[in-house]
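[1] Just the structure for this:
(one chain, ligands or ions: 2)
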Amino acid sequence: MSTPGTLTTPGSAGEPRRAGTVLRVGIVGAGQLARMTHRAAIDLGIEVVVLATSADEPAVAAGATCRLGSPEVLEDLAALAAACDVVTFDHERIPTEHLEALERRGIAVRPAAQAALAAQDKLHARRLLGDELGLPVPAFAPVEDAAAVARFALRHGWPVVLKARRGGYDGRGVAMVHTPGEAEAVLATGGEWLAEACVPLDLEVAAMVARSPSGELVSYPVVETVQAAGMCRELRAPAAIPPALAEEAQALARLIAERLGATGILAVELFVSDGRLLVNELALRPHNSGHWTIEGAATSQFENHLRGVLDLPLGETTLRAPAVATVNVVGPRDGGDPRARLAAALAVPGAQVHLYGKAARPGRKLGHVTALAGTAGAAREIAQRAAGALGSPA
Ligand SMILES: Nc1ncnc2c1ncn2[C@@H]1O[C@H](COP(=O)(O)OP(=O)(O)OP(=O)(O)O)[C@@H](O)[C@H]1O
Ligand SMILES: [Mg+2]
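    Numbering: from 1, shown residues only. Ligands and ions are numbered 1, 2, ... in the order given. Sure, this is the predicted structure:
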């Protein structure tokens, strides 16, 4: 494992530092998103340097240059930044004040700390999107105790969706409660929570854009996201929704990207409820809803994230087939490792298999399979068959 020294000199605040010939992108985090970004960087001759908490994280195992450290330690973040032109991240668990401290030191944090906050803090995001920008969001309120949840339910009905203000993912930190007693049990787990009206869902979609600091912006076709137990399990591109609704979703994502000054990828998760869009949550980084773009779009979300954060021209986002399906590979209930079943998945014609090199645990996202086809049904059938062959539960 190499630990690069200081290879660049600081530029003015927020400007990329371009002292060397090789562009270096620092990624805080070394999970599967960093791993797939590293893969895209290889083709462009860009070096990815990850801040990993352990040497067996997915991006390190895939050969990304690594610095060991914690996203919660400012000097670990600063050491990563000193070796890179820009700093980005593959998760939300970085204290906002640390990102701001890096910015004050003249480091190009992409996206900027203030923009990143919209993905880190669900209450901040709701206030920004709903109250300040006037965008459609589910009814929400911060709640401190079960009595506040009960008051919220008087106005919006049971069940109520409780969400941890920070730190949730894959349905963790999201609970649907039906009584004050259930609310009490969730709140007793600690941390800050907000209540949300439980919205009847027709389906869920995601609108993804890439934006560069100089303001160039590209939109991906809207994708349907299928969740089970709060976790995204399947993607269907393009989403089978009326074209006007898809355009509205893309317009919402563009508007949010502009207002936040997002750089790199912005994914906007949306609910379709009674034929209307509501904004769920934001990710200001490559996101599960964009995994289909690796084979399914002219430029993958990972490449466009790199291009965006480095202020390089953005790539085209058009579909490469009439229908693209991606099925997440989730750890089998028997604890088996999908890597042991690779041959069975590769025997499925047309299946593009991605495994993240993570230790298998039941219910953990371990990879995904993508298929391109002439129809949505055919693409799904291939991707589901290969994911099933890897042991992923249906
Ligand atoms: N207000 C709501 N009404 C109905 N269903 C909801 C609501 N909020 C969340 N859900 C369901 O729970 C899922 C997870 O919620 P959310 O996206 O807020 O949390 P998350 O676990 O942080 O997700 P991610 O892994 O995408 O970061 C949603 O995709 C949706 O299926
Ligand atoms: Mg979500």
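[2] Torsion angles phi and psi at the residue positioned nearest the centre of the chain?
    Compute the mean C-alpha point of the chain, and by C-alpha atoms, centre = their mean the closest residue is H287, 2.6 Å away. The phi/psi pair for H287 (degrees, to the nearest 10) reads phi -140, psi 150.
[3] Hmm, G264 and it touching each other?
    No - the criterion here is C-beta atoms under 8 Å, and H287 misses it with G264 at 10.9 Å. Where you see a C-beta, it was placed from the backbone N, CA and C, and this is true even at glycine.
[4] Just confirm R166 is within a strand.
    No - counting by DSSP: H, G, I helix; E, B strand; the rest coil, R166 falls outside a strand, being coil.
[5] got a list of what the closest residue to A52 other than its chain neighbours touches?
    Using C-beta to C-beta, 6 or more residues apart in numbering and skipping residues adjacent in sequence, the residue nearest A52 is A30, 3.6 Å away. The contact partners of A30, by C-beta atoms under 8 Å, 6 or more residues apart in numbering, come to 50-53, 57-60, 64, 66, 90.
[6] Dump these into CSV; add pLDDT and secondary structure as well.
    Output for these, formatted as CSV (pLDDT from 0 to 100; DSSP: H, G, I helix; E, B strand; the rest coil):
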residue, pLDDT, secondary structure
V50, 98, strand
L51, 98, strand
A52, 98, strand
T53, 97, coil
E57, 98, coil
P58, 98, helix
A59, 98, helix
V60, 98, helix
A64, 97, coil
C66, 97, strand
D90, 97, coil
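[7] which one of those sits closest to ligand 2?
    D90 (15.6 Å; C-beta to the ion).
[8] Pull the number of nearby residues for that closest one.
    23 (other C-beta atoms under 10 Å).
[9] following the longest helix seen in the chain, which helix or strand shows up next?
    The residue-count maximum for a helix in the chain (DSSP state H) belongs to helix 243-260. Next along the chain after helix 243-260, taking DSSP states H and E as the criterion, comes strand 264-273.
[10] Of all the residues in that following strand, which ones are buried?
    264-273 (16 or more other C-beta atoms under 10 Å).
[11] Stretch 123-133 too?
    Applying 16+ other C-beta under 10 Å to stretch 123-133 flags 123-130 as buried.
[12] coming back round to it: what comes up buried for the longest helix of the chain?
    By 16+ other C-beta under 10 Å, the buried positions in helix 243-260 come out as 245-246, 248-250, 252-254, 256-257, 260.
[13] And for stretch 173-191?
    So stretch 173-191, judged by 16+ other C-beta under 10 Å, has buried residues 173-175, 177, 180, 182-183, 186-187.
[14] how about these in a markdown table, adding pLDDT?
    What follows is these, written out as a markdown table (pLDDT from 0 to 100):
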| residue | pLDDT |
| --- | --- |
| G173 | 93 |
| V174 | 95 |
| A175 | 96 |
| V177 | 98 |
| P180 | 98 |
| E182 | 98 |
| A183 | 98 |
| V186 | 97 |
| L187 | 97 |
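[15] Looking at these, spot the one nearest E281.
    V174 (9.9 Å; C-beta to C-beta).
[16] Mind pulling up the pLDDT for A101?
    Note for A101: predicted pLDDT of 98.
[17] who are the neighbours in contact with it?
    By C-beta under 8 Å, 6+ apart, the neighbours of A101 are L74.
[18] can you rerun that using 10 Å?
    74, 77-78, 95, 107, 109, 113 (C-beta atoms under 10 Å, 6 or more residues apart in numbering).
[19] Confirm it sits in a helix?
    Yes - with three-state DSSP as the criterion, A101 is part of a helix.
[20] in the stretch 251-394 of the chain, which spans are strands?
    264-273, 276-283, 323-330, 352-355, 365-373 (DSSP state E, counting those that start in this stretch).
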